[in-house]
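Enquirer: Pasting a predicted model and its sequence here:
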Amino acid sequence: MTEKRRYGFYGILIMVAVCSALAGIFIASTLGLNPVSEANPFWKEAASPARGKVPLPGFSSLAREVTPTVVNIRTTRSMSGSGMEQRFEPPPGYDEWFDEFFKKFFNNRPGQDLQQRSLGSGFIISPDGFVLTNNHVISGADEIFVSLADKEEFTATRVGTDDKTDIALIKIESEKRDFPVAVLGDSDALEIGEWVVALGNPFGFGHTLTQGIVSAKSRVIGAGPYDNFIQTDAAINPGNSGGPLINMQGQVIGINTAIVATGQGLGFATPINMAKDILRELKDTGEVARGWLGVAIQEVTPEIARAVGLKEHRGAMVTSVYAGDPADKAGIRPGDIILRIDGQDIADTRALTRIIGSLKPESAVKVTVFRDGRSRSLTAVLQKRTDDHVAKLDRSPRKEEGAKDPLGLTVVNITPQVQREFNIPEPAGVLVTDIDPKGSAAGSQIQKMDIIREVDRKEVNTVEHYLAALSARKKGQAVLLLVIRGSRPLYVAVDVK
C-alpha cells in the first residue's frame, strides 16, 4: 500500500470512530440513557480520600511524668468487737492457735476491736505534701497512710473535707519539701472526644494507668447537689477513687470519683476546677461555707413557660420560699422564675444550685425573676447553707366521689372528714382523687392524692372556685397549677383539651 493510500485509510477510520461516538451520544440523549450525575449529591462527600493512617497517641511519657505524683491511700477504722467472745470462744488448750488464726486472717482476736480497712488513690499538689483525693476515701478513717510510687509510706492527716462535692485535702506527715507535684489544668477547656488518662490504685494492685476519651460533660448521677461530672470510658475501678484524670499535656483535669456498677465503660470524674474553687478554703478552715437562698425549685418545662408567658423554657421556678430566709426577705415569691443571679444566666435548677453554692454567706446578690409577664430585679443577702431535710408524706391513692374537670381530673373539697382521713394539714385547695387516662392531665406530673392549691396563680379552696378558674382558659391554652404533694409544692402546666 502506498504512503498516500495508507494515510487515507487511517483518516477514514478516525472519521468513522468520531461519527460513531457522536451518534451514540445523540441516541443516548434521545432515549434518556444519560448516566446519573452525582455532582451534587444530597449527602456530604469527603473533599478528598483519606491518605495515610492517623497515629494513636503514646502514653509512656505521660506515665513517666505523672505517676510519681500519684499516691496510694490506705485507711483503717476501728469497730467494736464486743460480744464476739461467746461466738468464737476457743476450746481449752487452743488459745494460742486461735490467736494466730485470727491474727493471720482477721488481724484481731474475737472480743478485740476490729480494724476495717479501705483503699483509694490521690495525687500530690504541693511540694510540702498536700494531697487531693475523694472525701469517701478517707471518711470515718482513724488512720490514713499514703504510699508513693517508690513504695515509701507516710502517715497523713485530714486537713479539710467537703461531702457535697466528695473532695478532701490531706497532708503527708513529713519534713520533706520536694515531693513531686501534679499540675492542675483547666477542666472548663476540656472537649468531648479528647484523650484522657486515669491513674490510681485499682483493687489495691498498685499504680495503674488506663486510657480513654471524654464521653460527656456536666453529667448528673445523683451523687450530690452539685453534680457536674466528666464522663469517660477510661477504666475506673474500686481503688481508683481520688486518683487523677489527666489530659494529653499531663495536666489534671478531673478527680476519679464514681463508676456505674451495672454498666461498662462508664466512669465519672469531678472537674478539677470545682476542686480549685474550694481548695484554699479547705486548707484554711477545713470546710466549705456555701450560700443559701432559701427556696425550693423545679424545672421550667415548655408547658410552664407557655403558661406564664416566658418565651424560652429556662430558669428555675420557685415552688416555695422558706420563711425568714434570704429569698423571703428579698421578696421572692412562689411561682417566680429565677432567670439570673448577679448577671449570670440560670439555665436550669442545677445551674442555680451551683451558682448559689459557689457564693459565700453574707454575699448580697442581684436576683432577676420573671413574674406576671415581666422581669423584676431583687436583692438577697445569702445565709450559710445547712442540711435541711424535708419530710415526705407517703399517702396511698384512694378514689372518692367528686367533680370532673376539663383536664380529666376528679377533685373533691377538703372537708374536715377528708382532712382527718388523709392526714391533710390544712383545708386549703382541692384533692385529686382520680385521673382520666385519656384526659390532658394524664401525661402530666399530677398524681392521685395531690392537692391543687392554685390555678394560674390564683388560690382555689373549693371545687366551685377551681372549676370557675379553669373555665377562664380556652381549649388549647395551658393552665398553671400549684400542686402540694405531701409537704412539697410543685408547679405543673397542663393543656386544656
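Expert: Yep, that arrived.
Enquirer: per-residue pLDDT, the spatially most central residue of the chain?
Expert: The centroid of the chain falls nearest to Val220 when counting by CA atoms, centre = their mean (1.4 Å). Residue-level confidence at Val220 comes out at 83, pLDDT.
Enquirer: And Ile355, how far from Leu266?
Expert: Ile355 is 27 Å from Leu266, where distance means CB to CB, to the nearest Å. Using the backbone N, CA and C atoms, a C-beta is placed for each residue, glycine as well.
Enquirer: if we can go back for a sec, just give the nearest non-adjacent residue to the residue nearest to the centre of the chain, would you?
Expert: Nearest residue to Val220, sequence neighbours excluded (CB to CB, 6 or more residues apart in numbering): Asp227, at 4.2 Å.
Enquirer: Please look at Ala441 and Val494 and confirm they touch.
Expert: Yes: Ala441 is within contact range of Val494, at 5.0 Å (criterion: CB atoms under 8 Å).
Enquirer: which neighbours do those two share?
Expert: Shared contacts of Ala441 and Val494 (CB atoms under 8 Å, 6 or more residues apart in numbering): Leu407.
Enquirer: list the contacts for Leu339?
Expert: Contacts of Leu339 by CB under 8 Å, 6+ apart are Arg314, Gly315, Asp345, Ile346, Thr368, Val369, Phe370, Ser375.
Enquirer: which ones are touching Val159?
Expert: So Val159 contacts Phe130, Leu169, Ile170, Lys171, Leu282, Lys283, Gly286 (CB under 8 Å, 6+ apart).
Enquirer: let's see it at 10 Å
Expert: Phe130, Val131, Ala168, Leu169, Ile170, Lys171, Leu279, Leu282, Lys283, Asp284, Thr285, Gly286 (CB atoms under 10 Å, 6 or more residues apart in numbering).
Enquirer: re the thing from before, buried ones among the contacts of Leu339?
Expert: With neighbours counted by 16 or more other CB atoms under 10 Å, the contacts of Leu339 contain buried members at Arg314, Gly315, Ile346, Thr368, Val369, Phe370.
Enquirer: For the first one, which non-adjacent residue is closest in space?
Expert: Going back to what we said before, that points to Arg314. Ala347 (5.7 Å).
Enquirer: what about this protein, any weak spots by pLDDT?
Expert: 1-39, 44, 49-54, 79-116, 261-263, 387-404, 417, 420-421 (pLDDT under 70).
Enquirer: Please enumerate the helices of it.
Expert: Taking DSSP state H, the helices of the chain run over residues 3-30, 60-66, 95-105, 135-138, 272-285, 302-308, 326-330, 349-358, 416-421, 463-471.
Enquirer: And the closest residue to Asp325 other than its chain neighbours, how far from Leu382?
Expert: Nearest residue to Asp325, sequence neighbours excluded (CB to CB, 6+ apart): Gly294, at 2.5 Å. Distance, Gly294 to Leu382, by CB to CB: 9 Å.
Enquirer: So for those two, which residues contact both of them?
Expert: What both Gly294 and Leu382 touch, as defined by CB under 10 Å, 6+ apart, is the set Asp325, Pro326, Ala327, Ala330, Ile356.
Enquirer: one step back: quick one: which of the contacts of Val159 is nearest Gln231?
Expert: Nearest to Gln231 among these is Ala168, at 22.0 Å by CB to CB.
Enquirer: What is the burial count for the residue nearest to Leu132 when sequence neighbours are not counted?
Expert: Spatially, and ignoring its direct neighbours in sequence, Leu132 is nearest to Ile125 (5.2 Å; CB to CB, 6+ apart). Ile125: 22 surrounding residues under other CB atoms under 10 Å.
Enquirer: so Ile125 touches Ile167, yeah?
Expert: No: in this structure Ile125 lies outside contact range of Ile167 using CB atoms under 10 Å: 11.8 Å.
Enquirer: got any residues that touch both of these two?
Expert: Contact criterion CB under 10 Å, 6+ apart; residues shared by Ile125 and Ile167: Leu132, Ala275, Leu279.
Enquirer: Contact partners for the closest residue to the last one other than its chain neighbours?
Expert: Distances taken as CB to CB, 6+ apart place Leu169 nearest to Leu279, at 6.6 Å, with adjacent residues excluded. By CB under 10 Å, 6+ apart, the residues touching Leu169 are 122, 125, 130-133, 135, 138, 158-162, 275, 278-283, 286.
Enquirer: Any of those residues buried? List them.
Expert: The buried subset of the contacts of Leu169 - by 16+ other CB under 10 Å - is 122, 125, 130-133, 135, 138, 159-162, 275, 278-279, 281-282.
Enquirer: what is Val492 paired to in the beta sheet?
Expert: Leu481 (DSSP bridges).
Enquirer: and it, how many residues sit next to it?
Expert: Neighbours of Val492 (other CB under 10 Å): 23.
Enquirer: from now on call the first residue 44
Expert: Noted, 44 is the first residue going forward, which turns the last one into Val535.
Enquirer: I figured it was touching Asp499, is that so?
Expert: No: contact criterion CB under 10 Å: Val535 and Asp499 do not qualify, at 12.0 Å.
Enquirer: Which residues are in contact with each of these two?
Expert: Common neighbours of Val535 and Asp499 (CB under 10 Å, 6+ apart) are Ala350, Val522, Leu523, Leu524, Leu525.
Enquirer: can you pull the contacts of the residue nearest to Val263?
Expert: Thr208, Ser261, Arg262, Val263, Ile264, Ala301, Phe311, Thr313, Arg393, Thr396, Arg397.
Enquirer: Buried subset of these as a ChimeraX selection?
Expert: Of the contacts of Asp270, the buried ones go into a single ChimeraX selection, burial set by 16+ other CB under 10 Å:
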select :208,262,301,311,313,393,396,397
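Enquirer: May I see the contacts of Asp270 organised as JSON lines, with distance to Ile381 added?
Expert: Shown next, in JSON lines, are the contacts of Asp270 (distance: CB to CB, whole Å):
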{"residue": "Thr208", "distance to Ile381": "22"}
{"residue": "Ser261", "distance to Ile381": "19"}
{"residue": "Arg262", "distance to Ile381": "23"}
{"residue": "Val263", "distance to Ile381": "19"}
{"residue": "Ile264", "distance to Ile381": "24"}
{"residue": "Ala301", "distance to Ile381": "29"}
{"residue": "Phe311", "distance to Ile381": "28"}
{"residue": "Thr313", "distance to Ile381": "26"}
{"residue": "Arg393", "distance to Ile381": "13"}
{"residue": "Thr396", "distance to Ile381": "11"}
{"residue": "Arg397", "distance to Ile381": "13"}
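Enquirer: what number of residues lie near Gln294?
Expert: For Gln294, using other CB under 10 Å, the count is 18.
Enquirer: Grab the nearest non-local neighbour of it.
Expert: Gly228 (3.0 Å).
Enquirer: residues in contact with the one you found?
Expert: Gly228 neighbours (CB under 10 Å, 6+ apart): 287-290, 292-297, 315-316, 319.
Enquirer: can you count the residues close to the nearest residue to Asp229 once chain neighbours are set aside?
Expert: Using CB to CB, 6+ apart and skipping residues adjacent in sequence, the residue nearest Asp229 is Asn316, 6.6 Å away. Neighbourhood size, Asn316 [other CB under 10 Å]: 17.
Enquirer: how near is Asn316 to Arg414?
Expert: Counting by CB to CB, the gap from Asn316 to Arg414 is 34 Å.
Enquirer: go on, Ile167?
Expert: On the measure of CB to CB, Ile167 and Arg414 end up 51 Å apart.
Enquirer: higher neighbour count, those two?
Expert: Legend: neighbour count by other CB under 10 Å for Ile167 and Arg414, higher for Ile167 (22 against 17).
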